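Chemist: need a structure here:
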Amino acid sequence: MSSEQFEHSTFLSPFTWRYGSEAMRALWSERHKRGLWRSLWVALAEAQCAAGLVSQAEVDDLRAHQSDLDMVRSQAIEAEIHHDLMSEVRTYAEQCPIGGGVIHLGATSMDIEDNADALRIRDSLALIQDVLQQLLRELTGQIQQFATIPAMAYTHLQPAEPTTVGHRLAQYAQDLLTDLEEINAVRKGVRGKGLKGAVGTAASYAHLLQGTAQTPRDLEAAFMGRLGLTPFPLTTQVYPRKQDLTVLNALASLAASLHKMAFDLRILQSPPFGEMAEPFGAKQVGSSAMPFKRNPINSEKVCSLARYVGTLPQVAWQNAADCLLERTLDDSANRRVILANAFLASDEALRTLLRIVQGWQIQKAGLERNLALYGVFACTEALLMELVKAGADRQAMHETIRTHCLSAWAAVQQGTTNPLAALLADDPTITRFVAKEDVLRLLDSPAYVGDAIQRTLDFGAVLEIRLSEIAAEL
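Modeler: Got it, this is the predicted structure:
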């Protein structure tokens with residue numbers, strides 16, 4: 001955003017300009033919120049017109065001025081009355097000489113605000129879903145591309161057994177697919193408050209509709225149909241705050257997946273591993289003090305924002321648990337923060353990781369070096385099984401292999417090439433049962449990946465199908 005849009009002389013949230021896409025910022029902007037309020041007041045007037053409560057001329061007047069937002073006037077009124085929604089009602093009414101008197105007829109604030117929030121949440125989930133699908137499509141191609149490229153796998157941050165790069169990427173994609181399906185389900189399940197008045201009984205609407213053929217439920221159905229939103233069957237003054245908790249839990253789950261993926265990349269980019277690296281621009285500065293640094297700043301940003309998103313469900317939990325009787329207002333201030341920030345932080349983390357994946361480097365030299373150094377240790381498992389199948393004593397062979405492994409590990413720690421294959425292939429207690437050439441074949445670490453390649457390719461095919469199915473549902 002240009003400096004012409006705001007001055008830097010007061011606090012600005014990093015989400016105002018630094019983090020989050022323009023589309024997501026627009027959804028959570030004050031202007032968009034008040035525009036939604038006005039659209040809801042028009043929808044309410046239209047439903048009330050159909051019930052004979054307001055005139056078509058009044059509806060037409062409201063519709064004609066629906067887009068005439070005047071933030072300066074509304075904020076001036078709010079400074080006097082300390083109520084943001086009523087300040088917008090009065091601003092809107094001043095612009096509508098015919099219909100101004102029927103704005104908000106029968107409604108309580110949360111009949112407007114909660115339905116508007118439900119619409120914003122649903123649209124925000126759709127934005128997250130779209131970028132997540134892009135990330136998964138990018139990963140799908142790379143899963144297939146790298147399905148057969150061997151890599152050292154690590155448990156406890158120690159060398160374990162070989163895997164493949166594609167198999168590792170498929171693990172990330174599997175988690176992200178779970179997140180996509182959850183977000184898709186949550187988005188489809190988003191519901192509004194409807195028109196239920198001050199405590200959920202719709203008493204004001206029942207009074208308005210006396211003498212007409214309509215019931216409060218009829219009015220609510222007409223109103224919500226215009227919004228394309230399903231109402232909760234029961235509410236208090238607000239829609240159940242468990243909905244916010246469900247939404248933030250879904251975003252927190254996605255954040256966990258993004259965090260793990262970015263954290264793994266940070267580890268694999270470190271020189272002792274040297275297997276992957278995030279993109280680094282030709283003019284990018286890695287450190288103010290150390291010109292040689294190639295810090296993984298984008299992966300670190302993903303982890304930082306994801307860590308923040310993971311904390312927000314606790315606030316939503318308290319809002320749901322502490323919404324006493326038919327409603328307390330102690331959720332209002334934090335909901336202005338947590339909903340917008342959760343979506344903006346998730347949006348930024350997700351888009352950043354997408355850019356990383358689109359340009360990251362798979363460093364084959366590092367992969368091959370680590371396999372050569374450590375892979376043969378893992379393959380001793382296959383050798384041990386083959387020795388036992390040939391008639392050797394398992395415990396004796398285990399001790400023989402362990403002794404050679406300790407010698408080889410000491411050599412590796414000194415910076416030499418791994419001598420383990422030669423040590424084992426030259427040991428007569430081993431070659432008595434398994435020929436030397438078979439020992440060397442069994443210790444060929446790139447081949448010791450089990451069925452990882454086929455599992456990876458199978459998952460890639462399933463992922464493509466599922467992404468197509470979910471895209472068709474949008």
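
Chemist: Show me the shaky parts of the stretch 1-150 of the chain.
Modeler: Along the stretch 1-150 of the chain, segments meeting pLDDT under 70 span 1-5.

Chemist: Strands along the stretch 351-474 of the chain, start to end?
Modeler: 361-362 (DSSP state E, counting those that start in this stretch).

Chemist: how does the protein divide up, domain by domain?
Modeler: Following automatic domain parsing, the chain resolves into domains at 20-102, 109-195+243-279+289-362, 366-443.

Chemist: Show me how far the first one is from its chain's centre.
Modeler: It refers to domain 20-102. Domain 20-102 has its C-alpha centroid displaced from the chain centroid by 32 Å (Cα atoms, centre = their mean, to the nearest Å).

Chemist: do the same with the longest one
Modeler: Mean C-alpha position of domain 109-195+243-279+289-362 versus that of the full chain (Cα atoms, centre = their mean) differs by 3 Å.

Chemist: What ranges does the protein have for its strands?
Modeler: Listed in chain order, the strands of the chain (DSSP state E) span residues 150-155, 158-164, 276-277, 361-362.

Chemist: a markdown table please, covering these and showing distance to Tyr239 and mean neighbour count.
Modeler: Just so you know, the C-beta spots here come from the backbone N, C-alpha and C atoms, and that holds for glycine as well. Formatted as a markdown table, the strands of the chain follow (distance: least, Cβ to Cβ, whole Å; neighbours: other Cβ atoms under 10 Å):
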| stretch | distance to Tyr239 | mean neighbour count |
| --- | --- | --- |
| strand 150-155 | 45 | 20 |
| strand 158-164 | 46 | 19 |
| strand 276-277 | 44 | 22 |
| strand 361-362 | 47 | 15 |
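
Chemist: In a markdown table, list those strands along with distance to Ala45.
Modeler: Formatted as a markdown table, those follow (distance: least, Cβ to Cβ, whole Å):
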| stretch | distance to Ala45 |
| --- | --- |
| strand 150-155 | 63 |
| strand 158-164 | 61 |
| strand 276-277 | 57 |
| strand 361-362 | 58 |
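
Chemist: can you tell me which of those comes nearest to Ala461?
Modeler: Among these, the nearest to Ala461 by Cβ to Cβ is strand 158-164 (16.0 Å).

Chemist: and that closest one, what does it pack onto?
Modeler: strand 150-155, helix 376-389, helix 452-473 (3 or more Cβ pairs under 8 Å, 6 or more residues apart in numbering; DSSP states H and E).

Chemist: hmm, try it at 10 Å
Modeler: strand 150-155, helix 364-370, helix 376-389, helix 452-473 (3 or more Cβ pairs under 10 Å, 6 or more residues apart in numbering; DSSP states H and E).

Chemist: Quick one: closest of these to Ala349.
Modeler: helix 452-473 (20.2 Å).

Chemist: show me the contacts for Ser109.
Modeler: Shown in contact with Ser109 (Cβ atoms under 10 Å, 6 or more residues apart in numbering): Trp37, His83, Asp84, Leu85, Met86, Val89, Ala198, Gln237, Val238, Ser332.

Chemist: Pick out whichever of those sits closest to Gln133.
Modeler: Distances from Gln133 to the contacts of Ser109, taken by Cβ to Cβ, are shortest for Trp37, at 30.8 Å.

Chemist: that older thread, can you put the contacts of Ser109 in a markdown table and add neighbour count and distance to Ala151?
Modeler: Shown next, in a markdown table, are the contacts of Ser109 (neighbours: other Cβ atoms under 10 Å; distance: Cβ to Cβ, whole Å):
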| residue | neighbour count | distance to Ala151 |
| --- | --- | --- |
| Trp37 | 23 | 54 |
| His83 | 13 | 60 |
| Asp84 | 19 | 55 |
| Leu85 | 20 | 56 |
| Met86 | 15 | 61 |
| Val89 | 22 | 61 |
| Ala198 | 17 | 61 |
| Gln237 | 21 | 56 |
| Val238 | 28 | 51 |
| Ser332 | 14 | 50 |
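
Chemist: re earlier: figure out which of the strands of the chain is closest to Gly141.
Modeler: So among the strands of the chain, strand 361-362 is nearest, using Cβ to Cβ, at 12.9 Å.

Chemist: Wait, Arg73 touches Glu94, no?
Modeler: Yes - if you go by Cβ atoms under 10 Å, Arg73 and Glu94 touch, sitting 7.4 Å apart.

Chemist: Next, the buried residues of stretch 456-472.
Modeler: Neighbour-count burial for stretch 456-472 flags Thr456, Leu457, Phe459, Gly460, Leu463, Glu464, Leu467, Ile470 (criterion: 16 or more other Cβ atoms under 10 Å).

Chemist: mind checking how far it is from the chain centre?
Modeler: Stretch 456-472 sits 19 Å away from the centroid of its parent chain (Cα atoms, centre = their mean).

Chemist: Show the average pLDDT along that stretch.
Modeler: For stretch 456-472, the mean per-residue pLDDT is 94.

Chemist: With distance to Arg327 added, can I get the helices and strands packed on strand 158-164 in a markdown table?
Modeler: Shown next, in a markdown table, are these (distance: least, Cβ to Cβ, whole Å):
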| stretch | distance to Arg327 |
| --- | --- |
| strand 150-155 | 50 |
| helix 364-370 | 58 |
| helix 376-389 | 60 |
| helix 452-473 | 34 |
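
Chemist: what about the ones you listed, which gets the closest to Ile267?
Modeler: strand 150-155 (8.3 Å).
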